[in-house]
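Visitor: Need coordinates for the following:
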Amino acid sequence: MMNRILTVLFVLMTTIGYGQKSKMSFERLKALKMSYITEKIGLTEEEESVFWEIYDQYEERIFDDCRINIKNLRKTYMKSKDSISNEKAFEMIKKINALEHRALELKEERDKLLLDKFSAIKILKMHHAEYHFNREMVYKMKKKQNDSTSN
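Guide: Numbers count the residues shown, from 1 in each chain. Modelled structure (predicted):
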């Protein structure tokens, strides 16, 4: 437990130090999220490897299959937002909704696999930790943005 706390503190300090100079890299953000969730769930060292193997496999699939495509659709929209037809807009909405639905299906698959290995309480704690981690990151980004615009 003490090792995990030290790891979280190290990652936080490293991230804060680097974050002052540039945007947080995906790998640093991933390490921070892993430490945060691991601590909040209360995984043992033996459980960590099993948990993160399943979790990472599905996070990669969600990212590759859904998030990148949603991001690309939104970029396309931004380029043509003033000239897009109603029909094209409707098609984009359908595609985004289908991709978000697919991401949810993948999360459900992930949760089923995790529930085979871990208690429902730990999986619920994971959901709670993910939610709070994401909120905390958004808060920090907004605060950083506000701090940089006020200087």
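
Visitor: how does this structure divide into domains?
Guide: 1-42+121-151, 48-118 (automatic domain parsing).

Visitor: Can you give me the end-to-end span of the shortest one?
Guide: Read it as domain 48-118. Distance across domain 48-118, first residue to last, is 11 Å (C-alpha to C-alpha, to the nearest Å).

Visitor: Off-centre distance for it?
Guide: In terms of C-alpha atoms, centre = their mean, to the nearest Å, the centre of domain 48-118 is set 11 Å apart from its chain centre.

Visitor: State the mean pLDDT of it.
Guide: The average pLDDT within domain 48-118 is 94.

Visitor: buried ones in stretch 90-108?
Guide: Buried residues in stretch 90-108, counted by 16 or more other C-beta atoms under 10 Å: Met92, Ile96, Leu99, Arg102, Ala103, Leu106, Lys107. (Glycine included, C-beta is placed from N, CA and C.)

Visitor: OK, contacts around the closest residue to the fourth one other than its chain neighbours?
Guide: Taking C-beta to C-beta, 6 or more residues apart in numbering, and ignoring the residues beside it in sequence, Arg102 has Cys66 as its nearest neighbour in space, at 5.4 Å. Cys66 makes contact with Leu99, Glu100, Arg102, Ala103, Leu106 under the criterion C-beta atoms under 8 Å, 6 or more residues apart in numbering.

Visitor: So which of those residues sit within helices?
Guide: Taking DSSP state H as the definition of helices, the contacts of Cys66 contribute Leu99, Glu100, Arg102, Ala103, Leu106.

Visitor: how about the residue lying closest to the fourth one once chain neighbours are set aside, secondary structure?
Guide: The reference is to Ala103. Sequence neighbours aside, Cys66 is the residue nearest to Ala103 in space, at 4.1 Å (criterion: C-beta to C-beta, 6+ apart). State at Cys66, reduced to three classes by DSSP: H, G, I helix; E, B strand; the rest coil: helix.

Visitor: how close does Cys66 get to Ile84?
Guide: Separation of Cys66 from Ile84 (C-beta to C-beta, to the nearest Å): 22 Å.

Visitor: Equivalent analysis for Glu47, please.
Guide: Glu47 sits 48 Å away from Ile84, going by C-beta to C-beta.

Visitor: Check Glu45 too.
Guide: 52 Å.
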